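Trainee: need a structure here:
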Amino acid sequence: MKRADVDVFEKLTVQLDGLYQELSILAKKTPNDAINGFKLSFINDILAQCNSLFGEKYRPFAGFETFSAEELPSNSDATFILSQYIECAEKFRADHIQNEGIQGWSWQIDDKGPRISTSRPKKLSPKD
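Mentor: Residues are numbered from 1 along each chain as shown. Alright, predicted model coming up:
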């Protein structure tokens with residue numbers, strides 16, 4: 001990975017989390033209501049960027065790229081997809097970081113420069 005990829009990843013995961021939080025609220029109130037086109041354009045943009053960064057290996061569903069603008073997804077459909085992208089983003093992160101002992105966790109980057117610290121993978125137990 002390159003340093004710029006880490007920046008893109010961190011931005012995308014924040015955006016994914018924000019979208020998920022917002023849509024989760026809507027999905028609890030009105031799960032079957034369609035998302036409007038304005039929101040869908042932003043959701044699709046973020047999903048397309050994730051697909052580009054993740055590649056085939058980390059995409060949640062091989063046949064899914066973005067939502068159709070002609071068939072607007074429901075709040076619950078979008079929440080479901082976003083949750084899968086969030087999980088796959090964590091798998092992507094876990095596969096691209098390393099434990100450096102006392103220094104903690106950092107990204108495995110190809111280029112020279114200072115290390116980029118990160119938190120430990122979420123799926124590890126506290127003793128790992």
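Trainee: Where do the helices of the protein begin and end?
Mentor: 3-29, 37-58, 75-95 (DSSP state H).
Trainee: Out of those helices, the one nearest Gly113 is which?
Mentor: helix 3-29 (6.3 Å; Cβ to Cβ). Every residue, glycine included, has its C-beta placed from N, CA and C.
Trainee: what inclination does the closest one have with respect to helix 37-58?
Mentor: Counting by axes from the mean of the first three to the mean of the last three Cα atoms, to 10 degrees, helix 3-29 lies at 120 degrees to helix 37-58.
Trainee: Which residues in helix 3-29 does the neighbour count mark as buried?
Mentor: Within helix 3-29, the residues that qualify as buried are 6, 9, 12-13, 15-16, 19-20, 23-24, 26-27, counting by 16 or more other Cβ atoms under 10 Å.
Trainee: same check, this time on stretch 93-113
Mentor: Result for stretch 93-113 [16+ other Cβ under 10 Å]: buried residues 93, 96-97, 105-107, 109.
Trainee: Tell me which of the residues you listed fall in strands.
Mentor: Among the buried residues of stretch 93-113, DSSP state E puts 97, 105-107 in strands.
Trainee: where does the protein have low pLDDT?
Mentor: Within the chain, the segments meeting pLDDT under 70 span 124-128.
Trainee: Need the distance between the two termini of stretch 62-81.
Mentor: Start and end residues of stretch 62-81 are separated by 12 Å (Cα to Cα, to the nearest Å).
Trainee: returning to what we had before: switch the helices of the chain over to a markdown table; also include distance to Ser68.
Mentor: Formatted as a markdown table, these follow (distance: least, Cβ to Cβ, whole Å):
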| stretch | distance to Ser68 |
| --- | --- |
| helix 3-29 | 17 |
| helix 37-58 | 9 |
| helix 75-95 | 11 |
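Trainee: got the ones in strands among the buried residues of stretch 93-113 as TSV, with distance to Leu40 columns?
Mentor: Formatted as TSV, those follow (distance: Cβ to Cβ, whole Å):
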residue	distance to Leu40
Ile97	32
Trp105	35
Ser106	36
Trp107	32
